[in-house]
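# have a look at this fold, sequence not included:
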């Protein structure tokens, strides 16, 4: 009885202290806002508030939007409104002179009354929530389309914030003012690499085995010291005089200084990566699928598509499933480029890792076919690639088959130069012709060298016949060419189709402009992707999947408003690609909306079913107001893109 009473008293005191703290913080913030306005107007400027409550990486990325505002709105004095933990970071954004503290979206809504006559730029995404306040945030700038479920559809993170804030986007780099101080590690003269290994979200993190391999490579192949940072110390980190774990021991100011002075950054998609981008530090960043975003580019500026300051490794599945050997090849490339300094470490653009590049047992492509063109030429590759793109092709879908006579591989320096030349093309490549196995093994360590089932490939050919060595391909027809036509090979084990485009001996300026080949690969890509649209009538089965709907929220009239649960496919053990809301149509189900599957983390499901591949099988779906369906006409469907079958989830 006494314990219960003490517990109740403790909860009352905690709530009271919380309310008092919020009240005092609101008073301080209002005073600071009034002082800011008075100071700005005494200088002949008008106040402008930039609203972005969280977080470190978001603030750094959004500094590119601040750069645009300074260009477009001269005569404005800029204040940042956000959480106090990020004060030092926000005040390091060029142009920000004042920080106004709020700790949640409820406090932000209250503060807006005090700044009603200011110009507001709200960069917070629609749908943001905080645990202490009911409801979701509605962007105050206007009809902002960017929300928590679609923001990377707008482009890099800064561009999504610009869309949310109603700011006309033009490519800009993030920027932070130089840091001062930062502790012992950043002040020492010896060069070091900053390693950031873990995110709050498991989908963004990588494996202990992989990080241990990275550290071993750095200790073996470089003279760099290794500084690990993050929220928690890493149990996998090797001990040694060149290794230090500062995770959990650094504040934001110290983190800024550490990254600013680093020789190299290696990590996951995180706030630290955005800081490295802003300070223009060379990097290796691991990007996997993140919720509904199968492929995305978070960065503008140095890490963006234009400058290639970092080698971005993009995996089709969550980062935690990225194989160690893939990162080993990328790291080898980064260290080689750092030593040679001939190219930025990310030259050639992001590396989209394909399933066919992995050992067949490492990942299953869930039936979603992949396509790649093998472009066989003996003229200048760059010219052919430009013509390929001009005809509508994509460079990541091309692999150049390079005659060994075209590049010199006779000694180390020439191999480095040749690899730089080939990797900077931005496509995959493979060698054709005589080459000793030792040299091929070295060249094939390039992250862009063509692989089938994880095995590097070599081609041998004469004018009318050629052969693929070390491959797992099963040709749809004999691998012989006469007259330079196109041919399709099918790699059944990884569901990849290869279009062979032989242009040897053809005049690159002639009328055969590759248009037919690019159309063909476009058709093959389109046929490999699932198609479904609102209005389609589909059949659905109740077999072939394992699922549970954990929660269904209904409107007062009984219609479904939101539901959540989990589902994985028996065929693959993985979550599906698409989810639909449908109505019973007698002979089938009429789709009312189709969305990408959310892929929330459900380690409990993976553990209970002994299926690590089912780890991201969770989903949460809000049903639009205009979909006026009620049980039994209402249905949730999920799509297996490998078998082409829709599955119905019962509302139990």
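Yep, it's here. Small disclaimer: the values here were computed from a predicted structure and weren't measured.

# okay, now the unreliable bits of the stretch 101-250 of the chain?
In the prediction, the stretch 101-250 of the chain carries residues with pLDDT under 70 at positions 142-144, 181-188.

# and if we set it to 90?
Applying pLDDT under 90 to the stretch 101-250 of the chain flags residues 104, 106-119, 126-150, 179-190, 200-202, 238-239.

# just the helices in the stretch 451-600 of the chain please.
Secondary structure of the stretch 451-600 of the chain by DSSP state H, counting those that start in this stretch: the helices cover 515-528.

# same check, this time on the stretch 301-450 of the chain
324-340, 381-390, 412-423, 437-443.

# mean confidence for the shortest one?
Mean per-residue pLDDT for helix 437-443: 81.

# where does this structure have its least confident helix or strand?
Ranked by mean pLDDT, DSSP states H and E, the weakest helix or strand in the chain is strand 474-475, scoring a mean of 54.

# isn't residue 538 right next to residue 585, touching?
No. With contact defined as C-beta atoms under 8 Å, residue 538 and residue 585 do not form a contacting pair (9.0 Å). C-beta coordinates here come from the backbone N, C-alpha and C atoms, glycine included.

# need the helices of the stretch 301-450 of the chain in a markdown table with distance to residue 644 and mean neighbour count, can you?
Supplementary listing: the helices of the stretch 301-450 of the chain in a markdown table, determined by distance: least, C-beta to C-beta, whole Å; neighbours: other C-beta atoms under 10 Å:
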| stretch | distance to residue 644 | mean neighbour count |
| --- | --- | --- |
| helix 324-340 | 29 | 19 |
| helix 381-390 | 30 | 17 |
| helix 412-423 | 37 | 17 |
| helix 437-443 | 40 | 14 |
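
# least confident of those helices, on average?
helix 437-443 (a mean of 81).

# what packs against it?
Judged by 3 or more C-beta pairs under 8 Å, 6 or more residues apart in numbering; DSSP states H and E, helix 437-443 is in contact with helix 412-423.

# next, residue 276: secondary structure please.
Classification of residue 276 using DSSP: H, G, I helix; E, B strand; the rest coil returns helix.

# that one and residue 310 touch, don't they?
Yes. Between residue 276 and residue 310 there is a contact under C-beta under 8 Å: 7.4 Å.

# shared neighbours of the two, which are they?
265, 283, 303 (C-beta atoms under 8 Å, 6 or more residues apart in numbering).

# beta-bridge partners for the nearest residue to residue 551 once chain neighbours are set aside, please?
Spatial nearest neighbour of residue 551, chain neighbours left out: residue 564 (4.9 Å); criterion: C-beta to C-beta, 6 or more residues apart in numbering. Beta-bridge partners recorded for residue 564 (DSSP bridges): residue 551, residue 620.

# how many other residues sit next to residue 564?
17 (other C-beta atoms under 10 Å).

# the one 4 residues further on now?
A count of nearby residues for residue 568, using other C-beta under 10 Å, gives 25.

# hang on, it packs against residue 599?
No. Applying C-beta under 8 Å as the test, residue 568 and residue 599 come out as separate, 10.6 Å apart.

# which residues do these two both contact?
575, 617.

# follow-up on the earlier one: residue 358: which of the helices of the stretch 301-450 of the chain is closest?
helix 324-340 (7.1 Å; C-beta to C-beta).

# tell me what angle the closest one forms with helix 412-423.
In terms of direction (axes from the mean of the first three to the mean of the last three C-alpha atoms, to 10 degrees), helix 324-340 departs from helix 412-423 by 120 degrees.

# who touches helix 324-340?
Outside helix 324-340, the residues that touch it by C-beta under 8 Å, 6+ apart are 206-207, 209-210, 213-214, 217-218, 221-222, 263-264, 266, 282, 284, 286, 311, 313, 315, 343-345, 347, 351, 353, 357-358, 416, 419-420, 423, 445-447, 454.

# how distant is it from the center of its chain?
Averaged C-alpha coordinates place helix 324-340 at 20 Å from its chain's average position (C-alpha atoms, centre = their mean, to the nearest Å).

# rewinding a little: looking at the helices of the stretch 301-450 of the chain, which is nearest to residue 578?
Nearest of the helices of the stretch 301-450 of the chain to residue 578, taken as C-beta to C-beta: helix 324-340 at 26.8 Å.

# hang on, the earlier thing: I'd guessed the residue nearest to residue 551 sits against residue 579; true?
No. If you go by C-beta under 8 Å, residue 564 and residue 579 don't touch, sitting 11.6 Å apart.

# overlap in contacts of these two?
Common neighbours of residue 564 and residue 579 (criterion: C-beta under 8 Å, 6+ apart): 619, 621.

# still on that earlier bit, report the contact partners of the residue nearest to residue 551.
In this structure, residue 564 makes contact with 549-551, 618-621, judged by C-beta under 8 Å, 6+ apart.

# which residues in the stretch 551-652 of the chain form strands?
Secondary structure of the stretch 551-652 of the chain (DSSP state E, counting those that start in this stretch): strands at 560-569, 578-584, 589-596, 618-622, 634-640, 645-649.

# put together TSV for those, with mean pLDDT and distance to residue 243 on each row.
Formatted as TSV, the strands of the stretch 551-652 of the chain follow (pLDDT from 0 to 100; distance: least, C-beta to C-beta, whole Å):
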stretch	mean pLDDT	distance to residue 243
strand 560-569	89	39
strand 578-584	87	45
strand 589-596	88	40
strand 618-622	90	36
strand 634-640	88	45
strand 645-649	91	48
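
# can you tell me which of these comes nearest to residue 35?
That would be strand 618-622 among these, by C-beta to C-beta, at 41.3 Å.

# and the angle from that closest one to strand 578-584?
Orientation check (the same axes, to 10 degrees): strand 618-622 against strand 578-584 gives 50 degrees.

# quick one, strand 618-622 and strand 634-640 angle?
Using the same axes, to 10 degrees: strand 618-622 against strand 634-640 is 140 degrees.

# assumed residue 26 was part of a strand.
No. Counting by three-state DSSP, residue 26 is not part of a strand but helix.

# okay, it: pLDDT?
Here, the pLDDT recorded for residue 26 equals 81.

# contacting residues for it?
107, 110-111.

# buried only: go through those residues for me.
Of the members of these, the ones counted as buried by neighbours, 16 or more other C-beta atoms under 10 Å, are 107, 111.

# out of the contacts of residue 26, who's nearest residue 271?
Residue 271 lies nearest to residue 107 out of these, by C-beta to C-beta, at 21.9 Å.

# how about that closest one, secondary structure?
Applying three-state DSSP: residue 107 is helix.

# quick check: bridge partners of residue 226?
residue 193, residue 243.

# right, and it touches residue 243 too?
Yes. Using C-beta under 8 Å, residue 226 is in contact with residue 243, at 4.8 Å.

# the two: who's more crowded?
residue 226 (22 against 16).

# show me what contacts that one?
192-193, 195, 215, 218-219, 242-244.

# who wins for neighbours among those?
For the contacts of residue 226, the largest neighbour count, defined by other C-beta under 10 Å, is 27 neighbours, found at residue 195.

# so which strand or helix has that residue?
Using DSSP states H and E, residue 195 sits in strand 192-196.

# shaky segments in the stretch 451-600 of the chain?
In the stretch 451-600 of the chain, residues with pLDDT under 90: 451-539, 541-543, 549-563, 571-572, 577, 580-588, 590, 592-596.
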